[in-house]
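> make a model of this:
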Amino acid sequence: MIITTKDLTKKFGNLTAVNKLNLEIEEGEIFGLLGPNGAGKTTTISMLCTLLKPTSGAAKVNGFDIATQPSKVRSSIGIVFQEPSVDDLLTGRENLEMHAMLYKIPREIRKKRIDEVISLVGLEDRADDITRVYSGGMRRRLELARGLMHHPKVLFLDEPTLGLDPQTREHIWSYIKKLSEENETTMVLTTHYMEEADMLCDRIAIMDAGEIVVLDNSANLKKKVGGDIVLLKMDEPNLERIRKLSFVTEAEMKDGTVQIKIKDVSKNLQKLLCKVGEIHSVEVRQVSLNDVFIHYTGKEIRSGEEEGGFWERVAHAEVNR
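Residues are numbered from 1 along each chain as shown. As a prediction, this is how the structure comes out:
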């Protein structure tokens with residue numbers, strides 16, 4: 001395992017942000033951390049990156065202890081932050097040159113390595129432009145390139161496509177997949193976009209209140225929740241009657257629509273429609289990762305939300321300890 005944690009805990013005063021976290025992440029996988037705001041995702045990554053010291057417990061990244069060997073951990077990882085962090089006054093190539101010097105990449109291989117990562121993220125034609133004129137998507141691609149400059153064993157991606165338009169997000173997804181496959185880099189990803197986690201991640205952990213509530217691959221998570229979903233528009237639905245049907249596992253009213261989870265929709269849909277009364281419209285869809293998220297956290301994640309204010313909350317908690 002390239003990342004392991006043992007009862008990893010972080011407290012800010014009376015607030016327990018991460019509570020006895022136990023994780024094992026395999027080398028080469030793309031691992032997703034999902035959760036509502038305040039679930040502990042960013043705190044977890046900050047500890048694994050040695051930006052925060054744990055209150056108790058332990059963790060190793062690439063075999064190095066985050067508490068006793070922080071410099072070796074840092075040399076093993078790359079980070080793409082949620083907030084843009086490239087220097088607007090430098091060109092793309094100059095940003096990479098500065099990063100290469102910080103990581104002490106030898107001068108004789110520096111240019112070759114910069115050319116390699118520029119090619120990986122498709123910025124050959126714009127590498128010598130000032131980054132101030134880059135689009136949001138180009139900046140994220142440059143940050144991905146920078147994170148890979150020193151051949152990290154683990155790349156942490158904190159909301160890598162937050163605020164980007166759908167087309168640019170898909171382009172970034174393809175680059176992440178390509179980078180993972182070509183470099184065999186382990187990636188730990190936090191995201192508010194369910195489709196992003198669904199498409200990219202080999203396994204997904206859903207966090208809530210500082211703890212992991214479920215961990216598996218996307219397909220198995222959906223199977224655990226189970227059933228297809230039928231959406232009905234109708235007047236005066238009798239939810240109790242619907243819930244008593246043997247093939248119905250859940251039924252609730254949401255936003256003026258009856259949402260019913262049933263077993264084997266191809267076999268039981270007609271039976272359901274005959275039992276519920278007059279219907280204005282019907283829609284059938286499969287369980288999504290968003291349904292899984294709501295099932296385990298009781299909350300609906302909003303794709304436009306930011307973790308926002310994390311360090312302000314940390315500072316406030318430390319001041320008030």
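> can you show me the strands along the stretch 51-200 of the chain?
Assigned by DSSP state E, counting those that start in this stretch, the stretch 51-200 of the chain shows strands spanning 56-61, 64-65, 77-80, 154-158, 186-190.
> pick the most buried one from those.
With neighbours taken as mean count of other Cβ atoms under 10 Å, the strands of the stretch 51-200 of the chain reach their highest mean count in strand 186-190, at a mean of 26. (Glycine included, C-beta is placed from N, CA and C.)
> alpha carbons of that one, as PDB, please.
In PDB, the C-alpha atoms belonging to strand 186-190 read as follows (Å, rounded to 0.1, in the frame of the first residue of the first chain):
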ATOM      1  CA  THR A 186      -1.300   7.100  -7.400                       C
ATOM      2  CA  MET A 187      -3.900   9.900  -7.300                       C
ATOM      3  CA  VAL A 188      -6.100  11.000  -4.400                       C
ATOM      4  CA  LEU A 189      -9.000  13.100  -5.500                       C
ATOM      5  CA  THR A 190     -11.500  15.200  -3.700                       C
END
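> quick check: which ranges of the chain have low pLDDT?
Across the chain, the ranges flagged by pLDDT under 70 are 300-321.
> any idea which residue sits dead centre in it?
For the chain, the residue nearest the mean C-alpha position is Thr190 (2.4 Å; Cα atoms, centre = their mean).
> and that one, how close does it get to Leu51?
14 Å (Cβ to Cβ, to the nearest Å).
> so what's the gap between stretch 130-141 and the chain middle?
Stretch 130-141 has its C-alpha centroid displaced from the chain centroid by 22 Å (Cα atoms, centre = their mean, to the nearest Å).
> now swap in stretch 118-133 and tell me
Relative to the chain's own centre, stretch 118-133 is displaced by 26 Å; criterion: Cα atoms, centre = their mean.
> ends of that stretch, what's the gap?
17 Å (Cα to Cα, to the nearest Å).
> who wins for proximity to Arg139 among the strands of the stretch 51-200 of the chain?
Arg139 sits nearest to strand 77-80 of all these, at 10.4 Å, using Cβ to Cβ.
> next, count neighbours for the spatially closest residue to Asp216 that is not a sequence neighbour.
Nearest residue to Asp216 in three dimensions, chain neighbours excluded: Arg203, at 6.5 Å (Cβ to Cβ, 6 or more residues apart in numbering). By other Cβ atoms under 10 Å, 16 other residues sit near Arg203.
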